[in-house]
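**Q** just the structure for this:
(chains A and B)
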There are 2 protein chains.
Amino acid sequence: MKKILLLGSTGSIGKNVVNLAGMFPDHFKIVGLAVNSNTELLEEQVKMLNPQIVCITDPDKGADFARRFRGRLTVMTGDRGLEELAASSDADTLVNAVVGEVGLRPTYRALESGKDVLLANKETLVAGGHLIMPLAERMKRRIIPIDSEHSAVFQCLDGRSMDEVRRILLTASGGPFRDFDRQALLNVTREQALNHPRWKMGRKITVDSATLMNKGLEVIEAHWLFGLPYDRISVVVHPQSMIHSLVQFIDGSLLAQMGVTDMMIPISYAMAWPERLPLKHKYHLDMQTLEDLSFSRPDQDKFPCLRLAYEAGNHGGSAPVVLNSANEEAVALFLEGRLSFADIPVLIEEAVKKAVFNPAPDLDEIADISCEARIRVREAACDGRFVS
Amino acid sequence: MKKILLLGSTGSIGKNVVNLAGMFPDHFKIVGLAVNSNTELLEEQVKMLNPQIVCITDPDKGADFARRFRGRLTVMTGDRGLEELAASSDADTLVNAVVGEVGLRPTYRALESGKDVLLANKETLVAGGHLIMPLAERMKRRIIPIDSEHSAVFQCLDGRSMDEVRRILLTASGGPFRDFDRQALLNVTREQALNHPRWKMGRKITVDSATLMNKGLEVIEAHWLFGLPYDRISVVVHPQSMIHSLVQFIDGSLLAQMGVTDMMIPISYAMAWPERLPLKHKYHLDMQTLEDLSFSRPDQDKFPCLRLAYEAGNHGGSAPVVLNSANEEAVALFLEGRLSFADIPVLIEEAVKKAVFNPAPDLDEIADISCEARIRVREAACDGRFVS
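**A** Residues are numbered from 1 along each chain as shown, chains lettered A, B, ... in the order given. Model (predicted):
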């Protein structure tokens, strides 16, 4: 029986974790929940799961919820509350499914307090991989990926020695603009960018899929998770998204993990690891009627975000922090209609170039570097070169 | 250091085993060799490998070779010699790469004498799975498949519990007549049947690939190797032969093994297991430039041999023995120009129906059942219904 703290319980991954815990009550007990602001759904989850502790990061919603549940359960608030929750003692596993940099510190606290971390929060490793991975090793705790690509690699490796791995190959759908030429990419609208061909996801990550920055961030995560240099992490464009990623071994043999494009499979794998749980028929891909699968090389000239991510990853230190924060801000500006699609990598590249380099930022420095990068992008977007 | 007895050292698999032993002298020492009749190549291999013992099953060639090498190495002859070699003490591993039923007894003797068996001989499990698998378990020895499909499944499973496996899926190229209609299949010539689109193989197995009997025999082998009932072993037509087979787990997740169509990879995997050996760049598939992969359901009406194999497997006992021997004889008749392509399954089905059923034949009974089935097919082929 795993005792789980679930951060981000009202998001799409969090809801699946709650569902799985309900389907397999002998395997999982959710003892703590954290949300940003959706206290309506949190209240339902509290009734159903009866956790000992919750956290609401939105201070007003948190204060209100605390008043209403006084005496019935421990309610924490704010980003500090999230950290405290992650460090609380009565659990062995943290599921980190929050979005954004706010996810980094709770991962750190969970490892520090001896918990395994099931990780769906990208920023944890992109910004803090150099702090998180050594801590996990020191504490002898595991970081198990929930993201479908990293779960695929994790499933293909399954404890094999990394000495036998030649490279890992992350598959990418290529996004909705895979076949656009450069000219067409200049005229991409928000509506087009938000229309992902395969996965239903939030707005920010959908744009990241269209620019290939999402894949770039995954490359950086993979570098930390699997301890491979960047020249042994490749990206393969695979529009059908049936192969979720691959590992190529030193003998040339490849293992690929495949399945329907539904996050239930990687979530259940991470939760049940090292076992597997039986899932319903609808999660079973029918190979005998599968459409044709195709593969190609990503075009880093047409999609500079992927190149920028490799460069930042190779540079290391604070570079991926700046990359990620600048990207978040540039995407927000694009969604606000204040930047064109093609401007996104331009602003990110400028931000990375102008940032002061820190070879090994600590948690506080990461927050400062991120903040500066965001301000720089906001300022640059106002300097008249871009659409308003 | 594995000490290897290699049966079938002058065949295509045997030659690769010799090459690999030469490439990795710290890993492998070949201490015994067996061939059918190619004593010219055997002599070269003896000079290179300096084995302690050899066997030539052809009696005349064997006697000649024994005279010439008297005092320098132990020379055995005949099928009995093959058994003795397999049982000889100074080795821990038998590579069984002989073709035909003659491979069954050496596998038995090797297990009985405490050796692991790397298995490329189909007949061992098709005819004797009910004897071989319990023996391997009793002796706590392993049977490691060399065949690319079974190696793929073995790699995907890699020691995982079979409780977590929903089904295995063997891929089939579909053979050269995949898209032929029934009428066109009636007019298939020897030359067409011998022209396999993907793998270079011997004549008999190439015809088996065209009829899908090869896949049917592999289904029976998989049943024994992995201990799964037939309704959890599927065949997927995949003309590009890049995915060599797959395992679907209870959570819906699939693992697939992929690679270039070269037997070096599964051979090296079997030899090095549980490790992997570094192979040259030409054995590394480039996913980024891979052609489109397609998948479909095999048509068991158009290719009745696959249905016949499932039926014989499900029937168990002597049925697969009859199936296999009848097929061998029917294919030989086809290659002699005395049967049409479409007659092959007709003769096999008759032979299986007419044979006396034995629920658990021993080694001697298997030989008798096989012999009777061959005679029955030869007789039936002469009764005037078929092309002459």
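
**Q** in the stretch 51-200 of chain A, which spans are helices?
**A** Assigned by DSSP state H, counting those that start in this stretch, the stretch 51-200 of chain A shows helices spanning A:59-68, A:78-87, A:104-112, A:122-139, A:148-157, A:182-186, A:190-193.

**Q** can you mark which positions in the longest one are buried?
**A** In other words, helix A:122-139. Across helix A:122-139, burial judged by 16 or more other Cβ atoms under 10 Å in any protein chain shown covers A:122-133, A:135-136. In short, each C-beta sits where N, CA and C put it, glycine included.

**Q** which residues are contacting it?
**A** Outside of helix A:122-139, the residues within contact range by Cβ atoms under 8 Å, 6 or more residues apart in numbering or on different chains are A:96, A:100-104, A:107-108, A:111-112, A:114, A:117, A:119, A:142-143, A:147, A:217-218, A:220-221, A:223-225, A:227, A:316-317, A:320-321, A:323-324, A:360, A:362-363, A:366, A:370.

**Q** run a quick neighbour tally on the nearest residue to A:Ser370 once chain neighbours are set aside.
**A** Nearest residue to A:Ser370 in three dimensions, chain neighbours excluded: A:Ser325, at 4.1 Å (Cβ to Cβ, 6 or more residues apart in numbering or on different chains). For A:Ser325, the neighbour count with other Cβ atoms under 10 Å in any protein chain shown is 29.

**Q** residue contacts, A:Ser325?
**A** Contact analysis of A:Ser325 by Cβ under 8 Å, 6+ apart lists A:Glu101, A:Ala351, A:Ile369, A:Ser370, A:Cys371, A:Ala373, A:Arg374, A:Val377.

**Q** of those, grab the buried ones for ChimeraX.
**A** Only the buried members of the contacts of A:Ser325 enter the following ChimeraX selection, criterion being 16+ other Cβ under 10 Å:
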select /A:101,351,369,370,373,374,377
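
**Q** tell me which of the contacts of A:Ser325 fall in helices.
**A** Judged by DSSP state H, helices contain the following of those: A:Ala351, A:Ile369, A:Ser370, A:Cys371, A:Ala373, A:Arg374, A:Val377.

**Q** now do the same contact list for the spatially closest residue to the first one that is not a sequence neighbour.
**A** In this case it means A:Ala351. Of all residues not flanking A:Ala351 in the chain, A:Ala326 sits nearest, at 3.6 Å (Cβ to Cβ, 6+ apart). Neighbour list for A:Ala326: A:Leu347, A:Ile348, A:Ala351, A:Val352, A:Ala373, A:Arg374, A:Arg376, A:Val377 [criterion: Cβ under 8 Å, 6+ apart].

**Q** farthest pair in the residues you listed?
**A** Spatial extent of the contacts of A:Ala326 (Cβ to Cβ) is set by the pair A:Val352 and A:Arg374 at 13.0 Å.

**Q** returning to that earlier point: which SS class is the residue nearest to A:Ser370?
**A** helix (DSSP: H, G, I helix; E, B strand; the rest coil).

**Q** and if you look at A:Lys3?
**A** strand.

**Q** before we move on, back to that, and which of the contacts of A:Ala326 is nearest chain B?
**A** Distance to chain B, by Cβ to the nearest Cβ, is smallest for A:Ile348 among these, at 24.7 Å.

**Q** does the closest one touch A:Leu323 like I think?
**A** Yes. Taking contacts as Cβ atoms under 8 Å, A:Ile348 lies within contact range of A:Leu323: 6.3 Å.

**Q** what touches both of the two?
**A** Contact criterion Cβ under 8 Å, 6+ apart; residues shared by A:Ile348 and A:Leu323: A:Leu308.

**Q** how near is A:Thr74 to B:Leu73?
**A** In this structure, A:Thr74 and B:Leu73 are 80 Å apart, going by Cβ to Cβ, to the nearest Å.

**Q** same check on A:Pro59?
**A** Computed as Cβ to Cβ, the A:Pro59 to B:Leu73 distance reads 86 Å.

**Q** how about the residue of the stretch 51-200 of chain A found nearest chain B, nearest residue that isn't a chain neighbour?
**A** In the stretch 51-200 of chain A, the residue that lies nearest chain B is A:Glu164 (4.5 Å; Cβ to the nearest Cβ). Leaving out its chain neighbours, the residue that sits closest to A:Glu164 by Cβ to Cβ, 6+ apart is B:Arg276, at 4.5 Å.

**Q** show me the contacts for the one you found.
**A** Taking Cβ under 8 Å, 6+ apart, we find B:Arg276 in contact with A:Glu164, A:Phe249, A:Ile250, A:Asp251, A:Ser253, B:Ser268, B:Tyr269.
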